[in-house]
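Asks: no FASTA, just this:
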């Protein structure tokens, strides 16, 4: 077995070397092993057809091992030409160590908004090192069949939101909202980061927090916690011990009417429900009719160039293509719920995914508030936010106390917040 | 002239494998950890900081708050084991050693089996049993009309740690039971017969004759429980995650160490503070074991038959 493998490796090296005379082969490092087939059957053939002479090989590793494997491959000089980038600090560190090439000059970078690029830039935004590929959007998925039964319409304002929840609770045939606090991250990610941008005004508040001109005890940052505290009455029995898979199952089995969601659930829910009921989605409700709405459009995955790649020119061609609207459309349709970050709107087939992405036109996008810079120290703001979000829902802490604790923790190591 | 004793090479040869393996996988890493706790990063890289990491751990209100919380939780976790697991273990052993009990072998096996199960299975199964949504616990309580007693125990700050400790007791009660059972069986029949001739029977016989004879075994069990509990990690990690929710109510030293050393989610790992916590754990266990050895073990009376 080992012998065969060795021979195969040797053969591929020799043949690969010979082939290089005519064709250049680019290797992509990635953690998305779930998407292997989509890359091989749909994405790569589309590129190779348009660019004769360049072959592309998608070589993913398991998600949990990706960072470690990639680091050792980069150190040993055996990593692929193209590197799939995790958002923020993990990739920034690679760039600072000179492992990722500077891609600021890439023409395709013009196709992306500042927010889309922010996850793969230096802190001052002067250099970009990965081409953004996809993001996930937060919102609420609801059981349309249940809404029709109870004669409800998707809420637009906060008041309508609670009116809808009250009606479902009164009727008692459905659990109003499927969410638990056992895993903590559900409360933080699906709750806090979902409705929060509405109150801290998206990018404006997020940037102000990083600059130090706002604090977590300001009203815009405490209000989302107050809202979460109100959710308690609408969660199912024993929500304190309800885990993330429990919540997913409650919703897909049709026992809960509303599910605070991330768009990646579309690809999970659709096959599980198998048409047993219809799903719809609504954006995080605004305080009053006519207010600007804000959504969390969190940048999650990008593609960068290995600084020591043997074929930087060909790799750049591929990156330009990844930054093109054509790729965006291919990718977004193959993986509903992972939205292309391209500024050109993408035509998608999945109606639920279309609903989610339509909010980009009416609402202001932002990313999760704790991901950039603010989670570099100890105590870690992201982890503390998980804990605080779960605490205000269970009632272990008042929103004001939780906010004060978060602020105190952040200020203990983050200089701009210390005055 | 006495002949000089030849060096007994075979002793060295026979000891070598155990000594080498134990040194390589236990002693070297232990000293590595102790050493690591004296270093930290600054601008110029890794530097020697003396005891400053310990000053942070015990002096900084956040670190020390988390540490004392974990230690207090750990102490309660241990207390539940001492108050429930070991008395129940002794009781089960006493019942099993009763000559009138039928199917003793079956009970012995059934009670011991959870001990050989993986933590992952135990944590997952109990999480499912106690789940307020799919679990059988609410249904069973409902069947006897006690539904009102049910609560999402694992999700409440007040009950989560005790629930987990009891799950751990359920899993490991077989070990004290077996050790005590063996100790009870080793009591010679003459002693029991002599007691019976003197009119000491039933409970009096247990308290006055058997219990003093099994006290050394109970001592060993206590110290094993102590070391096991203060090194515990798996059950909490499997059922509550590394953040040891709700609100750190189930955070014990093991999970605190794990979070610090390996990092969690966006938190990057900090090997130096992690090593500091590991050293503190080592110290606590060392002190506990020493107290036992010098204060209790030496006073236990052993009987030779």
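Replies: That came through, no problem. These numbers were taken from a predicted model, which means no experiment stands behind them.
Asks: Spell out which residues of chain B are next to chain A.
Replies: B:62, B:127, B:130-134, B:151-157, B:240-241, B:243, B:245-248, B:264-268, B:270, B:273 (CB under 8 Å from any CB of the partner chain). In this view, the C-beta of every residue, glycine as well, is placed from N, C-alpha and C.
Asks: got a list of contacts for the lowest-mean-pLDDT helix or strand in chain B?
Replies: Within chain B, confidence by mean pLDDT, DSSP states H and E is lowest for strand B:267-268 among all helices and strands, at a mean of 74. Residues lying outside strand B:267-268 but in contact with it, judged by CB atoms under 8 Å, 6 or more residues apart in numbering or on different chains, are A:89, A:375, A:376, A:378, A:380, A:382, A:383, B:259.
Asks: What values do phi and psi take at the third one?
Replies: Backbone torsions for residue A:376, taken as degrees, to the nearest 10, come to phi -90, psi -20.
Asks: about what we covered before: now the buried members of the residues of chain B next to chain A.
Replies: Buried by 16 or more other CB atoms under 10 Å in any protein chain shown: B:127, B:130-133, B:151-157, B:240-241, B:243, B:245-248, B:264-268, B:270, B:273, out of those.
Asks: Sitting in strands, which of those residues do you find?
Replies: When those are checked against strands using DSSP state E, the ones located there are B:264, B:267, B:268.
Asks: give me the low-pLDDT residue ranges for chain B?
Replies: With pLDDT under 70 as the threshold, chain B has low-confidence stretches at B:1-2, B:304-305.
Asks: what's the burial count for residue A:72?
Replies: Neighbour count of residue A:72, defined by other CB atoms under 10 Å in any protein chain shown: 11.
Asks: Equivalent analysis for residue B:75, please.
Replies: Other residues within reach of residue B:75, judged by other CB under 10 Å, total 14.
Asks: show me what contacts residue A:66?
Replies: A:29, A:30, A:31, A:84, A:86.
Asks: Can you tell me, leaving aside adjacent residues, what's nearest to the last one?
Replies: What sits nearest to residue A:86 in space, not counting adjacent residues and going by CB to CB, 6 or more residues apart in numbering or on different chains, is residue A:67, at 6.9 Å.
Asks: Near the one you found, how many other residues are there?
Replies: For residue A:67, the neighbour count with other CB under 10 Å is 16.
Asks: Residue A:43 against residue A:330, yeah?
Replies: Yes: with contacts defined as CB atoms under 8 Å, residue A:43 counts as touching residue A:330 at a distance of 5.6 Å.
Asks: Near chain B, which residues of the stretch 201-350 of chain A are found?
Replies: For the stretch 201-350 of chain A, the residues in contact with chain B (CB under 8 Å from any CB) are A:236, A:237, A:238, A:239, A:240, A:241, A:242, A:243, A:246, A:250.
Asks: ok but the last one is inside a strand, no?
Replies: This points to residue A:250. No: the assignment for residue A:250, made by DSSP: H, G, I helix; E, B strand; the rest coil, is helix rather than a strand.
Asks: Thought residue A:177 was touching it, still the case?
Replies: No: the pair residue A:250 / residue A:177 is not scored as a contact, 9.5 Å apart, by CB under 8 Å.
Asks: quick one, which of those two is more surrounded?
Replies: Set side by side, residue A:250 and residue A:177 show unequal neighbour counts under other CB under 10 Å, the larger going to residue A:177 at 26 against 23.
Asks: OK, contacts around that one?
Replies: With contacts taken as CB under 8 Å, 6+ apart, residue A:177 has the following neighbours: A:165, A:231, A:234, A:235, A:236, A:256, A:257, A:258, A:259, A:260.
Asks: gap between it and chain B?
Replies: The span separating residue A:177 from chain B equals 14 Å under the rule CB to the nearest CB, to the nearest Å.
Asks: beta partners of that residue?
Replies: The partner list for residue A:177 in beta bridges (DSSP bridges) reads residue A:235, residue A:258.
Asks: Check what pLDDT the residue of the stretch 1-150 of chain A found nearest chain B gets.
Replies: Minimum separation of the stretch 1-150 of chain A from chain B (CB to the nearest CB) falls at residue A:89, amounting to 7.7 Å. The predicted local distance difference test score for residue A:89 is 82.
Asks: Around the nearest residue to it once chain neighbours are set aside, count how many other residues there are.
Replies: With CB to CB, 6+ apart as the measure, residue A:376 is the residue that lies nearest to residue A:89, at 6.6 Å, once sequence neighbours are left out. Residue A:376: 15 surrounding residues under other CB under 10 Å.
Asks: With the one 3 residues further on instead?
Replies: Counted with other CB under 10 Å, the burial measure for residue A:379 works out to 20 neighbours.
Asks: Backbone dihedrals for it, both of them.
Replies: phi -70, psi 150.
Asks: Roughly how far does it sit from chain B?
Replies: 6 Å.
Asks: Please name the spatially closest residue to that residue (chain neighbours excluded).
Replies: In space, residue A:379 comes closest to residue A:409 once its chain neighbours are excluded; the distance is 4.2 Å by CB to CB, 6+ apart.
Asks: What is the neighbour count of residue B:293?
Replies: The burial metric for residue B:293, expressed as a neighbour count using other CB under 10 Å, is 12.
Asks: ok, now residue A:141?
Replies: By other CB under 10 Å, 23 other residues sit near residue A:141.
Asks: in the sheet, who's paired with it?
Replies: Note on residue A:141: beta-bridge partners by DSSP bridges are residue A:259, residue A:281.
Asks: still on that earlier bit, could you turn the buried ones of the contacts of strand B:267-268 into a ChimeraX selection?
Replies: Only the buried entries of the contacts of strand B:267-268 go into this ChimeraX selection, using 16+ other CB under 10 Å:
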select /A:89,375,378,380,382,383 /B:259
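Asks: Let's verify the closest residue to residue A:338 other than its chain neighbours: helix, strand, or coil?
Replies: The spatial neighbour of residue A:338 that comes closest, neighbours along the chain excluded (CB to CB, 6+ apart), is residue A:134 at 4.1 Å. Per three-state DSSP, the secondary structure class of residue A:134 is strand.
Asks: what bridges to residue A:134?
Replies: Going by DSSP bridges, residue A:134 is paired in beta bridges with residue A:301, residue A:340.
Asks: Could you verify that residue A:189 is part of a helix?
Replies: Yes: Residue A:189 forms part of a helix when assessed by three-state DSSP.
Asks: So it versus residue A:172, what's the distance?
Replies: With the distance defined as CB to CB, to the nearest Å, residue A:189 ends up 28 Å from residue A:172.
Asks: what about those two, which has more around it?
Replies: Taking residue A:189 and residue A:172 together and counting by other CB under 10 Å, residue A:189 has the greater number of neighbours (24 against 8).
Asks: contacting residues for the nearest residue to the more buried one once chain neighbours are set aside?
Replies: Nearest non-adjacent residue to residue A:189, counting by CB to CB, 6+ apart: residue A:262, 6.8 Å away. With CB under 8 Å, 6+ apart as the criterion, the residues that contact residue A:262 are A:136, A:137, A:138, A:189, A:190, A:337.
Asks: Look up phi and psi at the last one.
Replies: As for residue A:337, its main-chain torsions (degrees, to the nearest 10) stand at phi 110, psi -20.
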